[in-house]
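**Q** okay, here's the prediction I keep looking at, along with the sequence it came from:
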Amino acid sequence: FRDWLKEDSRLVIPRVHFATKRVLVTDYCPGLPVNQLAGQEQATRDAVVAALLELTLKELFHFRCMQTDPNWSNYLYDDSEGRLILLDFGATREFPAEFVTRYGQLLRAAIAQDLPQVEALSLQLGFLTGHETVAMREAHTQAILHLALPFSGGPYDFGVAPSQVIQRVKGLIPTMLNYRLTPPPDESYSLHRKLSGLFLLATKLKARVDCQSLLTAILK
C-alpha cells in the first residue's frame, strides 16, 4: 500500500521497522480519529471524506485489494500537516478481476437507472438466481438504485440526503429477507461493510463530496 499510494501526499502509511507474528513496530504518527473532526471547518471535513472515498474506489477498481475494516480509529487526521494516516491492514482482502469489472458496470447501470441492466448484472454477480419473485427482483433493484444515489450527480450533501436513502432501503429489507433465494456474493460483505462505514462517517461529518466525479475518474 505504501508503494501504491506513494504519490498521494494526502495519505501516510507508517513505515514498518520490526515485525513478528506478535509484535509490530512502526513509525509513530500522531493524529485524531477521523470521527472526531465534526468541529473542523466544512472544507476540511469535505477533503477528508473525499480522500477516503477516492482511496476506497482505488482499492476496489485499481488495486483490487482493500483494507475492509471501516473502524474510524484506523484513520487518523494530522491537523498540522493536513494528512490522513492509515493504520491496521489486518482485514485486507483481494477482489477477483471479474467481480470488480461487473461491480463497476452495476454502479454505472444504477446511476443511469437502467433497471434491466441492473437486474442482468445482479444475476451475473450472484445477487439473484433468476428464479426470484417479481417483488424480490424489484426490491433488490430499488435497493441498488438507492445505494448508488451518492454517485448519481453533483456534490452530494451527506448531512441532508442520507436519512431519505436509509429509510427507503430499510423499507425494502423485509421483502428481501423473506424472498431472497441465495446469499449475496462473498465479496460484497466486506465491500459493503467498508462503503457503509465510509458513508456513516460522511454523514457524521456532514460532508459534501462530488462522488460522481471521483467515481468517473477512477473508472476511466
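**A** Happy to help now that I have it.

**Q** show me what contacts Ser122?
**A** The neighbours of Ser122, taking CB atoms under 8 Å, 6 or more residues apart in numbering as the test, are 106, 128, 140-141, 144. Where C-beta positions appear, they are placed from N, C-alpha and C, glycine not excepted.

**Q** now do 6 Å
**A** The neighbours of Ser122, taking CB atoms under 6 Å, 6 or more residues apart in numbering as the test, are Leu128.

**Q** can you list the buried residues in the helix or strand where it lies?
**A** Using DSSP states H and E, Ser122 sits in helix 115-125. By neighbour count with 16 or more other CB atoms under 10 Å, helix 115-125 contains the buried residues 115, 118-122, 125.

**Q** beyond it, next helix or strand please.
**A** Moving toward the C-terminus from helix 115-125, the next helix or strand (DSSP H and E) is helix 134-147.

**Q** rounded mean pLDDT for that next one, please.
**A** The average pLDDT for helix 134-147 rounds to 88.

**Q** quick one, it and helix 115-125 angle?
**A** The directions of helix 134-147 and helix 115-125 differ by 100 degrees, with axes from the mean of the first three to the mean of the last three CA atoms, to 10 degrees as the criterion.

**Q** could you export the buried residues of helix 115-125 as CSV, including pLDDT?
**A** Rendered in CSV, the data for the buried residues of helix 115-125 read as follows (pLDDT from 0 to 100):
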residue, pLDDT
Leu115, 93
Val118, 95
Glu119, 94
Ala120, 95
Leu121, 96
Ser122, 94
Leu125, 95
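
**Q** pick out whichever of these sits closest to Leu32.
**A** Leu125 (37.5 Å; CB to CB).

**Q** what distance do you get for that closest one to Thr133?
**A** The span separating Leu125 from Thr133 equals 19 Å under the rule CB to CB, to the nearest Å.

**Q** likewise Arg208?
**A** Distance of Arg208 to Thr133, given as CB to CB: 39 Å.

**Q** so which of the two has more stuff around it?
**A** Between Arg208 and Thr133, counted using other CB atoms under 10 Å, Arg208 has the larger neighbour count: 20 against 12.

**Q** need phi/psi at the more buried one.
**A** Backbone geometry at Arg208, expressed as degrees, to the nearest 10, gives phi -120, psi 120.

**Q** run through the residues that contact it.
**A** Neighbouring residues of Arg208 by CB under 6 Å, 6+ apart: 46, 155, 157.
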